[in-house]
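Undergrad: Okay, predicted coordinates and the sequence, questions at the end:
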Amino acid sequence: MDLQETLKMIGLMLAPAFFSLLGMGALGSPAVAVLGELSAKTNKKVFFDKYGQQTGSLGLILLAFLVVIYGVGIGISLYRYPRLIEQSLNPASPFFTGAVLLAVFAVAALIYFLTWKSMRQAKAPHIILGLIAALSAIGAVAVVTPAKLFFNLSQGSPSQEALATASAMALPLSAMYGVLVLAAAASLSLAYLVIRRNKDDFGRDYYSFAMKLAARWSMLPMIGFMACQGWLYARLPENIQLIILGTPLAYVWAGVVILGAVNVGLWILIARNESPLRMKGPAFLSVFIFWAMHALNATLFVNFMTML
């Protein structure tokens, strides 16, 4: 693949990456929200709970989007790849497991988001709902992501080497996208706080606290995501490593890490700023950088499927 083809593929990935980013935000929002709820109980500080509630409000919006857009996307995939229907109905298939986990996530997350106020006096059951939604979402991502690689291989006659490579990539990919949904939810919540600042006037002190918190909670999983990039590269066979280094994909991969590091730098600035409400520009910029990074990462994933 030459530079022109690589740039064309990145361009084609921008729109899917945008919708995927919003979907990842939906999948990660219960984990971020329930972490805020748990932190409120352990730290005895109501601001954590308020941040969790606002993340839940964002999650509800993103969940509705996820059901519509991903429903259409899944329908198109099933139409183009009829074998996916068989796989999705086979209890032994990871796609079946993923579908069940996604269904549990959707139901649990919907109840969790909608009952934040009504279950204010029943925190333990509410937190359990949030944990069920969070774990099922991350579990679905961890199961389905490597399953896509193996499904792509099953379309042909894969060699033992290709199957071994896919197996070696499975765990790093699962971990990578598992932490990425958390970073996406926290990053989108940071921008959401800015948007809601004048509509949900919870006070300057709260928004200063919440923006710093969202920045920190975006940063930590992003660092984990970048570590998974190195882990994934180390798990690749030497011949694929050499192919990557000898093509523009090396620049794509470097771009993923660089953009991730830039976002970490922006979140550090927001988290350490005495007046984070003045950092509205960096908060929105981090979302656009996240989008670009995700498009580059999706380009890599698609190329991995063609290399095996």
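TA: In hand now; what should we look at?

Undergrad: Which residues does stretch 161-168 contact?
TA: 146, 149, 150, 153, 158, 235, 236, 237, 240, 308 (C-beta atoms under 8 Å, 6 or more residues apart in numbering). Just so you know, the C-beta spots here come from the backbone N, C-alpha and C atoms, and that holds for glycine as well.

Undergrad: separation between the fourth one and residue 259?
TA: In this view, residue 153 and residue 259 are 29 Å apart by C-beta to C-beta, to the nearest Å.

Undergrad: Please apply the same query to the third one.
TA: Residue 150 sits 28 Å away from residue 259, going by C-beta to C-beta.

Undergrad: quick one, which of those two is more surrounded?
TA: Neighbour totals were compared for residue 150 and residue 259, and residue 259 leads with 21 against 16 (other C-beta atoms under 10 Å).

Undergrad: If you count neighbours, what's buried in the helix or strand where residue 294 lies?
TA: Under the criterion of DSSP states H and E, residue 294 resides in helix 280-307. By neighbour count on 16 or more other C-beta atoms under 10 Å, the buried set for helix 280-307 is 280, 282-283, 286-287, 289-301, 303-304.

Undergrad: what are the ranges of the strands in the stretch 151-300 of the chain?
TA: Counting by DSSP state E, counting those that start in this stretch, one finds no strands in the stretch 151-300 of the chain.

Undergrad: Report the inter-axis angle for the longest helix along the chain versus helix 280-307.
TA: The longest helix of the chain (DSSP state H) is helix 3-43. Angle of helix 3-43 versus helix 280-307, following axes from the mean of the first three to the mean of the last three C-alpha atoms, to 10 degrees, is 120 degrees.

Undergrad: which helices and strands sit right next to helix 3-43?
TA: Here helix 3-43 touches helix 46-80, helix 94-114, helix 123-154, helix 160-196, helix 204-235, helix 249-272, helix 280-307, going by 3 or more C-beta pairs under 8 Å, 6 or more residues apart in numbering; DSSP states H and E.

Undergrad: average model confidence for the second one?
TA: Mean pLDDT, computed over helix 94-114, is 94.

Undergrad: Contacts made by it with the rest, please.
TA: Applying C-beta under 8 Å, 6+ apart, the contact partners of helix 94-114 are 26-27, 29-30, 33-34, 56-57, 59-60, 63, 66-67, 84, 87-90, 126, 129-130, 132-133, 136-137, 139-140, 143-144, 146-147, 150-151.

Undergrad: what about 7 Å?
TA: Helix 94-114 is contacted by residues 30, 56, 59-60, 63, 67, 84, 87-90, 126, 129-130, 132-133, 136-137, 139-140, 143-144, 147 when judged by C-beta atoms under 7 Å, 6 or more residues apart in numbering.

Undergrad: So which bits of it are buried?
TA: Buried residues in helix 94-114, counting neighbours by 16+ other C-beta under 10 Å, are found at 94-102, 104-106, 108-110, 112-113.
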